[in-house]
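Colleague: Build me a structure from this.
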Amino acid sequence: AIRRQRQMCIRDSDKILDMTPAEENDDSGRSIDCLRCQVRMVYSGKYEFHEGMNTGIFGNLFELFQNREAFDLYVCPKCGKVEFFVPLDREREYKEDIETGSRAAAAGGYTFVNLMPNTKPVCSSAAQAMMVEQKAAEVGLCDANQTVSITEDFDGKTIDHLKTLPASVKFITEDGHGVQDNATMARAFAICTQRDITVMSHAEDMEISPWDYRLAEDIETVRNCWLSEYYQTRLHMCHVSTRGALDAIRMAKLRGAPVTCEVTPHHLWFTNDTCDYRVNPPIRTADDVQALIDGIRSGVVDAIATDHAPHSEEDKLKGMAGMVGSETAFGVCYTKLCKQEGLPLELLVHLMSTRPAEILGLAKGQLEPGFDADFVLVDLDTPYTVEKEKLHSKSHNTPFDGAQLYGKVFATIKAGKITYQAEA
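Modeller: This is a model prediction of the structure:
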């Protein structure tokens, strides 16, 4: 590599930051130790890129602009917690495979995905998890963590496999089901405390949900928060959707329970009087939506996750719950939370990048020395329209088709390499 000091001028309102590489001897882009500057300010910095940035990890970015006049984009550190099915056999590959799922995630600005075990077969072992992660590494577009089921093969009872999981497995979940038996879940929490494993919870009492899904989510949220407090087990509540569930999480945090939680873009955007798209948990009331937004403002909500569920058109017609969300997540959240609710971009970056990375224990989500050089370039000023047929997922099941959003992903960079570039 050519050893030359160059400058990248970054305009942040009336400020100009001088980003000068300390040394250029590695184009691998694995981290950004080479930068000597207060890069934290770029969360909301509006930039002009110049040829002077053609160095180190920024060399790849210059390729995007070398035939254009300088124009304004925002750079955000971006790693995401995304939940979607990854089929392990031919029977489910018509929904999504690792390559198409990775392409969809990269097009949405994600460089890391957290995968649920509700595949076929169910992922109940470290060997299965390792196989999926290796396949994702071969594709190379997104790093991946494959979670393991709480009960073996989702049988609702057997948890012996948890006692023999290697240290590499840090997250378990019964996503889409929830463990219904109280004693089984209590024993699972106790084991996870001993083995330093985080429980990820889809909250649904399935005896109650057929006639009252609100109560079904609320009551299982309360149970799992109490178990987290009792055993001091790390608990992450997935796709929280009701005011009652969020109140239970707030109280658990105040009592010292190690609980975190996430909400989805579609639960922030839609209300049940404007959308009847079938998802699980279902679209809630306007009061619930306001509670989720208030929870974001107050800090009770830790993260935003997509709950990406790539069902085929035929499966949706049969009543399967879920929607694709990786490619629309940032645009939906920026439009809703920043443009409409007036929340700062820094907070959205924290919810979609910094905090998810912390929860997952990743060296991602921050533009700091020692962190992976993963970030996304987005155009916040130009509106765009969602076109479901142009989505990269095999599935196009989305209620956002035709929605006008802000925050289009222009490019995604993982480890200093471009993994996605929008068409001109």
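Colleague: Would you check that Arg284 makes contact with Asn272?
Modeller: Yes. Contact criterion Cβ atoms under 8 Å: Arg284 and Asn272 qualify, at 6.1 Å. In this view, the C-beta of every residue, glycine as well, is placed from N, C-alpha and C.
Colleague: didn't Thr398 look like it was pressed against Leu391?
Modeller: Yes. Here Thr398 reaches Leu391: they are 7.1 Å apart, a contact under Cβ under 8 Å.
Colleague: Neighbour count: those two, which is higher?
Modeller: Between Thr398 and Leu391, counting by other Cβ atoms under 10 Å, Leu391 is the more crowded of the two (24 against 21).
Colleague: Now do the contacts for that one.
Modeller: 104, 107, 324, 327, 398 (Cβ atoms under 8 Å, 6 or more residues apart in numbering).
Colleague: For Met323, see how far away it is.
Modeller: Distance, Leu391 to Met323, by Cβ to Cβ, to the nearest Å: 11 Å.
Colleague: likewise Gly156?
Modeller: Plainly put, Gly156 is 26 Å away from Met323 if you go by Cβ to Cβ.
Colleague: still on that earlier bit, for PyMOL, what selects the buried ones among the contacts of Leu391?
Modeller: To isolate the buried members of those in PyMOL, using 16 or more other Cβ atoms under 10 Å:
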select buried, resi 104+107+324+327+398
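Colleague: State the phi and psi torsions of Leu377.
Modeller: phi -100, psi 130 (degrees, to the nearest 10).
Colleague: That one reaches Ala411, doesn't it?
Modeller: Yes. Look at Leu377 against Ala411 with Cβ under 8 Å: they come within range, at 4.6 Å.
Colleague: the strands in the stretch 201-350 of the chain, which residues?
Modeller: 235-237, 259-263, 303-304 (DSSP state E, counting those that start in this stretch).
Colleague: In the second one, which residues are buried?
Modeller: For strand 259-263, the neighbour count (16+ other Cβ under 10 Å) marks 259-263 as buried.
Colleague: Tell me which of Arg284 and Asn272 has more neighbours.
Modeller: For Arg284 and Asn272, the more surrounded residue by other Cβ under 10 Å is Arg284, and the numbers stand at 20 against 14.
Colleague: List the contacts of that one.
Modeller: Arg284 is in contact with 214, 241-242, 267, 271-272, counting by Cβ under 8 Å, 6+ apart.
Colleague: Just flag the most distant two among the residues you listed.
Modeller: Maximum pairwise distance among these (Cβ to Cβ): 14.0 Å, between Arg214 and Thr271.
Colleague: Between those two, tell me which one has more neighbours.
Modeller: Legend: neighbour count by other Cβ under 10 Å for Arg214 and Thr271, higher for Arg214 (19 against 15).
Colleague: Spatially nearest residue to the more buried one (excluding sequence neighbours)?
Modeller: Of all residues not flanking Arg214 in the chain, Thr242 sits nearest, at 5.6 Å (Cβ to Cβ, 6 or more residues apart in numbering).
Colleague: between Thr398 and Leu391, what contacts are shared?
Modeller: By Cβ under 8 Å, 6+ apart, the residues touching both Thr398 and Leu391 are Val324.
Colleague: now the helices: where do they sit in this structure?
Modeller: All helices of the chain, identified by DSSP state H, fall at 59-65, 98-107, 126-139, 182-195, 213-231, 243-254, 265-269, 286-298, 313-317, 329-333, 345-349, 355-360.
Colleague: before we move on, back to that, wait, the residue nearest to Arg214 touches Ile219, no?
Modeller: No. Applying Cβ under 8 Å as the test, Thr242 and Ile219 come out as separate, 10.8 Å apart.
Colleague: which of the two has more neighbours?
Modeller: Thr242 (25 against 18).
Colleague: now the more buried one: how far from Thr385?
Modeller: For Thr242 relative to Thr385 (Cβ to Cβ), the value is 31 Å.
Colleague: for Asp401, same thing?
Modeller: 9 Å.
Colleague: can you check Asn145 too?
Modeller: For Asn145 relative to Thr385 (Cβ to Cβ), the value is 33 Å.
Colleague: And for Pro282?
Modeller: Applying Cβ to Cβ to Pro282 and Thr385 gives a distance of 26 Å.
Colleague: who has more neighbours, these two?
Modeller: For Pro282 versus Thr385, the count of surrounding residues by other Cβ under 10 Å is larger for Pro282: 18 against 12.
Colleague: Spit out the contact partners of the more buried one.
Modeller: Taking Cβ under 8 Å, 6+ apart, one finds 213, 241, 272, 321 in contact with Pro282.
Colleague: wait, the first one sits on Val279?
Modeller: Meaning Tyr213. No. Look at Tyr213 against Val279 with Cβ under 8 Å: they stay out of range, at 11.1 Å.
Colleague: Just want to know which of the two has more residues nearby.
Modeller: For the pair Tyr213 and Val279, the greater number of neighbours falls to Val279 (21 against 18), based on other Cβ under 10 Å.
Colleague: And Thr100, what's its pLDDT?
Modeller: On pLDDT, Thr100 comes in at 85.
Colleague: Isn't it up against Lys394?
Modeller: Yes. With contact defined as Cβ under 8 Å, Thr100 reaches Lys394; the gap is 4.9 Å.
Colleague: Read off the pLDDT value for the nearest residue to Val301 once chain neighbours are set aside.
Modeller: The spatially closest residue to Val301, leaving aside those adjacent along the chain, is Gly295, at 4.3 Å (Cβ to Cβ, 6+ apart). pLDDT recorded at Gly295 is 98.
Colleague: Just to check, Gly295 is in contact with Asp247?
Modeller: No. Using Cβ under 8 Å as the test, Gly295 is too far from Asp247 to be in contact (9.1 Å).
Colleague: so what strands line up beside the longest strand anywhere in the chain?
Modeller: Identified as the longest strand of the chain according to DSSP state E is strand 408-414. Strand 408-414 has its sheet partners listed here by DSSP bridges as strand 375-379 (antiparallel), strand 417-421 (antiparallel).
Colleague: All set, thanks.
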